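> Sequence isn't available, so here's the structure alone:
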(Lines give C-alpha, C1' and ligand atoms only; values in the text may rest on other atoms or scores of the structure.)
Protein backbone atom coordinates (compact mmCIF):
# COMPACT_ATOMS: atom_id res chain seq x y z
CA UNK A 1 0.00 0.00 0.00
CA UNK A 2 1.27 3.48 -0.78
CA UNK A 3 2.62 5.05 2.41
CA UNK A 4 0.59 8.27 2.12
CA UNK A 5 -2.59 6.26 1.49
CA UNK A 6 -1.88 4.25 4.61
CA UNK A 7 -1.74 7.50 6.59
CA UNK A 8 -5.01 8.66 5.05
CA UNK A 9 -6.70 5.39 5.94
CA UNK A 10 -5.28 5.37 9.46
CA UNK A 11 -6.41 8.95 10.05
CA UNK A 12 -9.84 8.21 8.74
CA UNK A 13 -10.05 5.12 10.95
CA UNK A 14 -9.33 7.27 14.00
CA UNK A 15 -12.05 9.74 13.03
CA UNK A 16 -14.57 6.98 12.42
CA UNK A 17 -13.84 5.47 15.88
CA UNK A 18 -15.22 1.98 16.10
CA UNK A 19 -17.29 2.11 12.90
CA UNK A 20 -16.15 0.02 9.95
CA UNK A 21 -15.47 2.08 6.83
CA UNK A 22 -16.39 0.51 3.51
CA UNK A 23 -13.86 1.56 0.90
CA UNK A 24 -14.59 1.39 -2.82
CA UNK A 25 -12.76 -1.46 -4.50
CA UNK A 26 -10.69 0.94 -6.62
CA UNK A 27 -9.51 3.04 -3.65
CA UNK A 28 -6.56 0.83 -2.74
CA UNK A 29 -5.85 -0.56 -6.19
CA UNK A 30 -2.65 0.12 -8.15
CA UNK A 31 -3.04 2.13 -11.33
CA UNK A 32 -1.22 0.78 -14.36
CA UNK A 33 -1.15 3.89 -16.54
CA UNK A 34 2.36 5.18 -15.87
CA UNK A 35 1.77 8.36 -17.90
CA UNK A 36 -0.24 9.75 -14.98
CA UNK A 37 0.35 10.51 -11.34
CA UNK A 38 -2.56 9.28 -9.24
CA UNK A 39 -3.76 10.24 -5.80
CA UNK A 40 -6.71 9.35 -3.60
CA UNK A 41 -8.47 11.17 -0.79
CA UNK A 42 -11.49 10.81 1.44
CA UNK A 43 -13.54 13.18 3.55
CA UNK A 44 -17.08 14.02 4.56
CA UNK A 45 -16.68 17.06 2.30
CA UNK A 46 -16.14 16.59 -1.45
CA UNK A 47 -13.76 19.52 -1.86
CA UNK A 48 -11.63 18.33 1.07
CA UNK A 49 -11.55 14.84 -0.44
CA UNK A 50 -10.28 16.34 -3.71
CA UNK A 51 -7.65 18.26 -1.82
CA UNK A 52 -6.51 15.10 -0.02
CA UNK A 53 -6.18 13.38 -3.39
CA UNK A 54 -4.05 16.25 -4.70
CA UNK A 55 -1.96 16.12 -1.55
CA UNK A 56 -1.44 12.41 -2.18
CA UNK A 57 -0.06 13.19 -5.66
CA UNK A 58 2.35 15.75 -4.22
CA UNK A 59 3.52 13.35 -1.51
CA UNK A 60 4.51 10.82 -4.15
CA UNK A 61 6.85 13.35 -5.76
CA UNK A 62 8.09 14.37 -2.32
CA UNK A 63 8.90 10.82 -1.29
CA UNK A 64 10.70 10.10 -4.54
CA UNK A 65 12.91 13.16 -3.99
CA UNK A 66 13.30 12.72 -0.24
CA UNK A 67 12.26 16.36 0.07
CA UNK A 68 9.17 18.27 0.99
CA UNK A 69 6.59 19.42 -1.50
CA UNK A 70 3.74 21.22 0.11
CA UNK A 71 0.26 21.88 -1.11
CA UNK A 72 -1.42 25.14 -0.26
CA UNK A 73 -5.05 25.75 -0.92
CA UNK A 74 -7.50 28.58 -1.00
CA UNK A 75 -11.24 28.32 -0.91
CA UNK A 76 -12.75 31.00 -3.14
CA UNK A 77 -16.34 30.93 -4.20
CA UNK A 78 -16.42 27.18 -3.49
CA UNK A 79 -13.67 26.60 -6.08
CA UNK A 80 -10.50 24.82 -5.03
CA UNK A 81 -7.28 26.57 -6.00
CA UNK A 82 -4.02 24.72 -5.44
CA UNK A 83 -0.34 25.33 -5.86
CA UNK A 84 2.78 23.34 -5.28
CA UNK A 85 5.84 24.79 -3.61
CA UNK A 86 9.12 23.17 -2.75
CA UNK A 87 10.85 23.12 0.60
CA UNK A 88 13.25 25.86 -0.55
CA UNK A 89 10.31 28.23 -0.94
CA UNK A 90 10.37 28.25 -4.73
CA UNK A 91 7.10 28.05 -6.65
CA UNK A 92 7.39 24.72 -8.44
CA UNK A 93 4.08 24.73 -10.20
CA UNK A 94 0.72 26.36 -10.09
CA UNK A 95 -1.26 23.29 -11.02
CA UNK A 96 -4.15 24.44 -13.15
CA UNK A 97 -7.39 22.80 -12.14
CA UNK A 98 -8.05 22.20 -15.83
CA UNK A 99 -5.03 19.86 -15.80
CA UNK A 100 -6.41 17.75 -12.97
CA UNK A 101 -8.80 14.93 -13.63
CA UNK A 102 -11.10 13.17 -11.18
CA UNK A 103 -11.93 9.92 -12.96
CA UNK A 104 -13.46 8.30 -9.87
CA UNK A 105 -15.67 9.94 -7.26
CA UNK A 106 -17.85 7.83 -5.01
CA UNK A 107 -19.91 8.49 -1.91
CA UNK A 108 -20.24 5.71 0.66
CA UNK A 109 -22.11 6.27 3.93
CA UNK A 110 -21.78 10.06 3.69
CA UNK A 111 -18.06 9.80 2.96
CA UNK A 112 -16.63 10.99 -0.36
CA UNK A 113 -13.82 8.94 -1.95
CA UNK A 114 -11.93 10.62 -4.77
CA UNK A 115 -9.28 9.54 -7.22
CA UNK A 116 -7.35 12.39 -8.88
CA UNK A 117 -4.78 12.20 -11.61
CA UNK A 118 -2.59 14.48 -13.68
CA UNK A 119 -0.42 13.73 -16.69
CA UNK A 120 3.27 13.60 -15.81
CA UNK A 121 4.07 15.48 -19.02
CA UNK A 122 2.14 18.50 -17.76
CA UNK A 123 4.22 18.73 -14.59
CA UNK A 124 7.45 18.03 -16.51
CA UNK A 125 6.64 20.80 -18.99
CA UNK A 126 6.00 23.29 -16.19
CA UNK A 127 9.22 22.36 -14.38
CA UNK A 128 11.21 22.74 -17.61
CA UNK A 129 9.63 26.15 -18.13
CA UNK A 130 10.91 27.13 -14.68
CA UNK A 131 14.40 25.95 -15.64
CA UNK A 132 14.29 27.93 -18.88
CA UNK A 133 13.22 31.02 -16.96
CA UNK A 134 16.34 30.90 -14.77
CA UNK A 135 18.77 30.15 -17.59
CA UNK A 136 18.55 33.81 -18.66
CA UNK A 137 19.88 34.88 -15.26
CA UNK A 138 22.52 32.14 -15.38
CA UNK A 139 23.76 33.27 -18.79
CA UNK A 140 23.96 36.89 -17.62
CA UNK A 141 26.20 35.85 -14.73
CA UNK A 142 28.38 33.69 -17.00
CA UNK A 143 28.81 36.65 -19.38
CA UNK A 144 29.83 38.82 -16.43
CA UNK A 145 32.44 36.23 -15.43
CA UNK A 146 33.85 36.20 -18.95
CA UNK A 147 34.07 40.00 -19.05
CA UNK A 148 36.11 40.00 -15.82
CA UNK A 149 38.89 38.14 -17.69
CA UNK A 150 39.54 36.04 -14.57
CA UNK A 151 39.85 32.28 -14.73
CA UNK A 152 38.00 31.84 -11.44
CA UNK A 153 34.71 33.00 -9.98
CA UNK A 154 34.36 35.88 -7.61
CA UNK A 155 32.56 35.08 -4.33
CA UNK A 156 29.66 37.24 -5.53
CA UNK A 157 29.36 35.29 -8.79
CA UNK A 158 29.51 32.01 -6.93
CA UNK A 159 26.82 33.05 -4.50
CA UNK A 160 24.46 34.17 -7.28
CA UNK A 161 25.06 31.06 -9.38
CA UNK A 162 24.59 28.80 -6.37
CA UNK A 163 21.22 30.36 -5.55
CA UNK A 164 19.91 29.89 -9.08
CA UNK A 165 21.38 26.42 -9.42
CA UNK A 166 19.81 25.23 -6.16
CA UNK A 167 16.44 25.96 -7.75
CA UNK A 168 17.34 24.47 -11.12
CA UNK A 169 18.83 21.32 -9.60
CA UNK A 170 15.68 20.86 -7.53
CA UNK A 171 13.52 21.11 -10.66
CA UNK A 172 15.88 18.76 -12.48
CA UNK A 173 15.57 16.09 -9.80
CA UNK A 174 11.80 16.34 -9.88
CA UNK A 175 11.74 15.98 -13.67
CA UNK A 176 14.01 12.92 -13.53
CA UNK A 177 11.90 11.37 -10.79
CA UNK A 178 8.95 11.64 -13.19
CA UNK A 179 10.92 10.04 -16.02
CA UNK A 180 11.24 13.26 -18.02
CA UNK A 181 14.05 14.87 -19.98
CA UNK A 182 15.61 17.98 -18.44
CA UNK A 183 15.82 21.11 -20.57
CA UNK A 184 19.25 22.78 -20.94
CA UNK A 185 21.01 19.80 -19.37
CA UNK A 186 24.35 20.72 -20.97
CA UNK A 187 24.25 24.19 -19.41
CA UNK A 188 23.27 22.75 -16.04
CA UNK A 189 26.19 20.33 -16.10
CA UNK A 190 28.57 23.10 -17.16
CA UNK A 191 27.53 25.47 -14.38
CA UNK A 192 27.63 22.74 -11.74
CA UNK A 193 31.19 22.05 -12.85
CA UNK A 194 32.08 25.75 -12.65
CA UNK A 195 30.75 25.86 -9.08
CA UNK A 196 33.25 23.21 -8.04
CA UNK A 197 35.98 25.87 -8.38
CA UNK A 198 36.82 28.15 -5.48
CA UNK A 199 37.21 31.91 -5.99
CA UNK A 200 40.96 32.58 -6.08
CA UNK A 201 42.91 35.74 -5.33
CA UNK A 202 46.37 36.95 -4.45
CA UNK A 203 46.96 39.38 -1.68
CA UNK A 204 49.15 42.36 -0.86
CA UNK A 205 49.30 44.72 2.11
CA UNK A 206 50.90 48.12 2.55
CA UNK A 207 51.45 49.49 6.03
CA UNK A 208 51.92 53.21 6.58
CA UNK A 209 55.05 53.82 8.60
CA UNK A 210 56.52 50.39 7.91
CA UNK A 211 55.92 46.93 9.26
CA UNK A 212 56.10 46.98 13.03
CA UNK A 213 55.71 44.23 15.62
CA UNK A 214 51.94 44.13 15.14
CA UNK A 215 52.17 43.46 11.39
CA UNK A 216 52.20 39.66 11.57
CA UNK A 217 49.23 39.61 13.97
CA UNK A 218 47.11 41.77 11.67
CA UNK A 219 48.18 39.93 8.51
CA UNK A 220 47.34 36.53 9.95
CA UNK A 221 43.92 37.76 11.06
CA UNK A 222 43.13 39.41 7.74
CA UNK A 223 44.16 36.33 5.78
CA UNK A 224 41.89 34.19 7.94
CA UNK A 225 38.96 36.47 7.09
CA UNK A 226 39.67 36.59 3.35
CA UNK A 227 40.11 32.82 3.28
CA UNK A 228 36.44 32.53 4.20
CA UNK A 229 35.64 33.95 0.75
CA UNK A 230 38.71 33.30 -1.41
CA UNK A 231 41.39 30.72 -1.86
CA UNK A 232 44.41 32.98 -1.25
CA UNK A 233 47.43 32.16 -3.42
CA UNK A 234 50.70 33.73 -4.36
CA UNK A 235 50.66 36.26 -7.19
CA UNK A 236 49.42 34.74 -10.43
CA UNK A 237 47.83 35.85 -13.66
CA UNK A 238 44.07 35.89 -14.25
CA UNK A 239 43.00 35.76 -10.61
CA UNK A 240 41.50 38.43 -8.38
CA UNK A 241 43.69 40.91 -6.52
CA UNK A 242 43.13 42.02 -2.92
CA UNK A 243 44.96 45.13 -1.78
CA UNK A 244 45.01 46.33 1.82
CA UNK A 245 46.39 49.54 3.26
CA UNK A 246 46.36 50.27 6.96
CA UNK A 247 47.89 52.41 9.63
CA UNK A 248 48.26 51.73 13.34
CA UNK A 249 48.23 54.61 15.82
CA UNK A 250 49.00 54.36 19.50
CA UNK A 251 48.60 56.70 22.46
CA UNK A 252 49.33 56.11 26.10
CA UNK A 253 45.92 54.52 26.73
CA UNK A 254 44.56 53.51 23.32
CA UNK A 255 45.23 51.94 19.96
CA UNK A 256 43.58 52.57 16.61
CA UNK A 257 43.64 50.97 13.16
CA UNK A 258 42.68 52.75 9.95
CA UNK A 259 42.10 50.19 7.22
CA UNK A 260 41.35 50.33 3.48
CA UNK A 261 40.68 47.35 1.25
CA UNK A 262 39.89 46.91 -2.42
CA UNK A 263 39.35 43.89 -4.64
CA UNK A 264 40.02 44.08 -8.39
CA UNK A 265 39.14 41.71 -11.19
CA UNK A 266 41.57 40.73 -13.92
CA UNK A 267 40.64 43.77 -16.01
CA UNK A 268 41.71 45.96 -13.08
CA UNK A 269 38.13 46.93 -12.29
CA UNK A 270 37.42 47.54 -8.61
CA UNK A 271 34.57 45.22 -7.61
CA UNK A 272 34.71 45.85 -3.87
CA UNK A 273 36.20 48.51 -1.64
CA UNK A 274 35.74 49.56 1.93
CA UNK A 275 37.30 51.56 4.73
CA UNK A 276 37.20 50.68 8.42
CA UNK A 277 38.37 52.57 11.49
CA UNK A 278 38.56 50.92 14.87
CA UNK A 279 39.79 52.30 18.18
CA UNK A 280 40.30 50.55 21.46
CA UNK A 281 40.60 52.17 24.88
CA UNK A 282 43.49 49.98 25.80
CA UNK A 283 46.80 49.06 24.27
CA UNK A 284 45.71 45.49 23.56
CA UNK A 285 46.19 45.07 19.80
CA UNK A 286 44.22 41.81 19.81
CA UNK A 287 41.01 43.55 20.86
CA UNK A 288 41.40 46.08 18.05
CA UNK A 289 42.10 43.29 15.53
CA UNK A 290 38.99 41.39 16.63
CA UNK A 291 36.85 44.46 15.93
CA UNK A 292 38.54 44.95 12.55
CA UNK A 293 37.94 41.31 11.59
CA UNK A 294 34.28 41.46 12.56
CA UNK A 295 33.62 44.59 10.50
CA UNK A 296 35.56 43.29 7.48
CA UNK A 297 33.61 40.03 7.49
CA UNK A 298 30.30 41.86 7.77
CA UNK A 299 31.11 44.16 4.85
CA UNK A 300 32.41 41.33 2.66
CA UNK A 301 29.32 39.25 3.40
CA UNK A 302 26.97 42.16 2.63
CA UNK A 303 28.75 42.74 -0.69
CA UNK A 304 28.40 39.10 -1.70
CA UNK A 305 24.74 38.97 -0.68
CA UNK A 306 23.78 42.23 -2.41
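It's in. Since we're looking at a predicted model, the values are computed, not measured.
> Give me the three-state assignment for the closest residue to residue 260 other than its chain neighbours.
Spatial nearest neighbour of residue 260, chain neighbours left out: residue 245 (4.5 Å); criterion: Cβ to Cβ, 6 or more residues apart in numbering. In this view, the C-beta of every residue, glycine as well, is placed from N, C-alpha and C. Three-state call for residue 245 (DSSP: H, G, I helix; E, B strand; the rest coil): strand.
> Extract the residue ranges of the stretch 1-150 of the chain that are flagged as low pLDDT.
Within the stretch 1-150 of the chain, the ranges that satisfy pLDDT under 70 run 1-21, 62-98.
> and if we set it to 50?
Low-confidence segments of the stretch 1-150 of the chain (pLDDT under 50): 1, 7, 10, 13-18, 66-94.
> wouldn't residue 184 be in contact with residue 133 here?
No. Under the criterion of Cβ atoms under 8 Å, residue 184 makes no contact with residue 133, lying 10.8 Å away.
> The two: who's more crowded?
Just comparing residue 184 and residue 133: by other Cβ atoms under 10 Å the higher neighbour count belongs to residue 184, 18 against 12.
> Could you check how far the more buried one is from residue 165?
Distance check for residue 184 against residue 165: by Cβ to Cβ, to the nearest Å, it reads 12 Å.
> And residue 174, its phi and psi?
For residue 174, the backbone dihedrals (degrees, to the nearest 10) come out as phi -60, psi -40.
> picking that back up, neighbours of the residue nearest to residue 260, how many?
15.
> And the one 10 residues further on, by the same measure?
Residue 255 is surrounded by 21 other residues when neighbours are defined as other Cβ under 10 Å.
> Can you give me the domain assignment for the chain?
Listed domain ranges for the chain are 3-120, 200-305 (source: automatic domain parsing).
> would TSV of these with distance to residue 147 be doable?
TSV is the format used below for those (distance: least, Cβ to Cβ, whole Å):
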stretch	distance to residue 147
domain 3-120	28
domain 200-305	7
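> of all those domains, which lies closest to residue 144?
Proximity to residue 144 (Cβ to Cβ) singles out domain 200-305 among these, at 9.7 Å.
> any idea how far the closest one is from the chain center?
Computed by Cα atoms, centre = their mean, to the nearest Å, the chain-centroid distance of domain 200-305 equals 30 Å.
> all strands of the stretch 101-250 of the chain, in order?
Assigned by DSSP state E, counting those that start in this stretch, the stretch 101-250 of the chain shows strands spanning 101-108, 111-119, 200-207, 231-233, 240-250.
> Can you add distance to residue 281 and give those strands back as CSV?
Converted to CSV, these look like this (distance: least, Cβ to Cβ, whole Å):
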stretch, distance to residue 281
strand 101-108, 74
strand 111-119, 68
strand 200-207, 23
strand 231-233, 32
strand 240-250, 12
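> Point out the most buried one among those strands.
Ranked by mean neighbour count under mean count of other Cβ atoms under 10 Å, the strands of the stretch 101-250 of the chain are led by strand 111-119, which reaches a mean of 21.
> quick one: contacts of it?
Contacts with strand 111-119, where a contact means Cβ atoms under 8 Å, 6 or more residues apart in numbering, come from 12, 21, 23-24, 26-27, 31, 35-46, 49-50, 52-54, 56-57, 95, 99-107.
> Give me the subset of those lying in helices.
In this view, the contacts of strand 111-119 that belong to helices under DSSP state H are 12, 46, 49, 50, 52, 53, 54, 56, 57.
> Now the buried members of these.
Among these, the ones that count as buried by 16 or more other Cβ atoms under 10 Å are 12, 49, 50, 52, 53, 54, 56, 57.
> mind listing what the third one touches?
When contacts are counted by Cβ under 8 Å, 6+ apart, residue 50 touches 41, 80, 102, 114, 116.
> Is it correct that the first one is in contact with residue 59?
No. Between residue 41 and residue 59 there is no contact, the gap being 10.9 Å when judged by Cβ under 8 Å.
> Looking at these two, which is more packed in?
residue 41 (25 against 21).
> Next, please give the residue ranges for the helices of the stretch 51-200 of the chain.
120-147, 155-177, 185-194 (DSSP state H, counting those that start in this stretch).
> what's the closest of the ones you listed to residue 237?
Of these, nearest to residue 237 by Cβ to Cβ is helix 120-147, at 16.2 Å.
> Backbone torsions only: list them for the residue lying farthest from the centre of the chain.
Centroid-distance maximum for the chain: residue 252 at 51.0 Å, with Cα atoms, centre = their mean. Reported as degrees, to the nearest 10, the phi and psi values for residue 252 are phi -60, psi -40.
> Please report the confidence value the model assigns to it.
Note for residue 252: predicted pLDDT of 84.
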